[in-house]
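*Asks:* For reference, the sequence and a predicted model appear below.
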Amino acid sequence: MDYETVSPGDFGASLRGLGLNLLVRDVRASCTMLQSVFGMTAHRVSADFAIVRYGTAVFQLHADGTYSANPYLSYLTEAGPRGAGAELRLYDSDPDAAAALAEAQGMHILQPPTDKPHGLRECYLICPDGYAWVPSRVL
């Protein structure tokens with residue numbers, strides 16, 4: 001599928017299984033951060049929307065304004081972090097490399113790269129929208 005030219009209807013009809021959509025304050029800035037820190041690719045990037053690829057996984061970013069008619073918008077906080085309780089685990093990203101790039105992209109390093117007893121080296125990076133991105137590698 002060509003994510004740059006696919007119609008919204010065809011893209012929506014292609015989605016299967018578990019989907020991920022993140023509501024963000026600034027779609028373009030979020031895409032830049034995800035591309036710079038994790039090597040993701042962003043498609044159809046606009047002020048309102050983007051399709052993002054990480055390996056074979058595809059997810060979406062939507063700006064708050066696109067949810068103006070959606071009742072879910074009332075649950076979002078105006079200020080402060082949004083993603084508390086959600087960990088977005090990136091098992092194919094080097095935590096050391098990601099941590100080295102994170103702060104320049106506005107991310108907060110909550111936990112630096114650490115070897116964990118469950119067999120992974122990982123770190124916790126908090127993006128400006130409050131989501132915890134957790135790049136991880138097998139020890």
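*Replies:* Sure thing, it's come through.
*Asks:* Could you report the neighbour count for the nearest residue to residue 116 once chain neighbours are set aside?
*Replies:* Using CB to CB, 6 or more residues apart in numbering and skipping the chain neighbours, the partner closest in space to residue 116 is residue 122 (6.0 Å). To be clear about C-beta, it is placed using only N, CA and C from the backbone, and glycine gets the same treatment. For residue 122, the neighbour count with other CB atoms under 10 Å is 23.
*Asks:* Who are the packing partners of the helix or strand hosting residue 122?
*Replies:* Using DSSP states H and E, residue 122 sits in strand 120-126. Applying 3 or more CB pairs under 8 Å, 6 or more residues apart in numbering; DSSP states H and E, one finds that strand 120-126 contacts helix 95-102, strand 108-115, strand 132-138.
*Asks:* Pipe those into JSON lines and attach distance to residue 83 per row.
*Replies:* Formatted as JSON lines, the helices and strands packed on strand 120-126 follow (distance: least, CB to CB, whole Å):
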{"stretch": "helix 95-102", "distance to residue 83": "15"}
{"stretch": "strand 108-115", "distance to residue 83": "12"}
{"stretch": "strand 132-138", "distance to residue 83": "6"}
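*Asks:* Which of the ones you listed sits closest to residue 86?
*Replies:* Judged by CB to CB, the one of the helices and strands packed on strand 120-126 that comes nearest to residue 86 is strand 132-138, at 6.7 Å.
*Asks:* how near is the most far-flung residue of the chain relative to its centre to residue 44?
*Replies:* Largest separation from the mean C-alpha position in the chain: residue 117, at 25.6 Å (CA atoms, centre = their mean). Between residue 117 and residue 44 the distance is 41 Å, computed by CB to CB, to the nearest Å.
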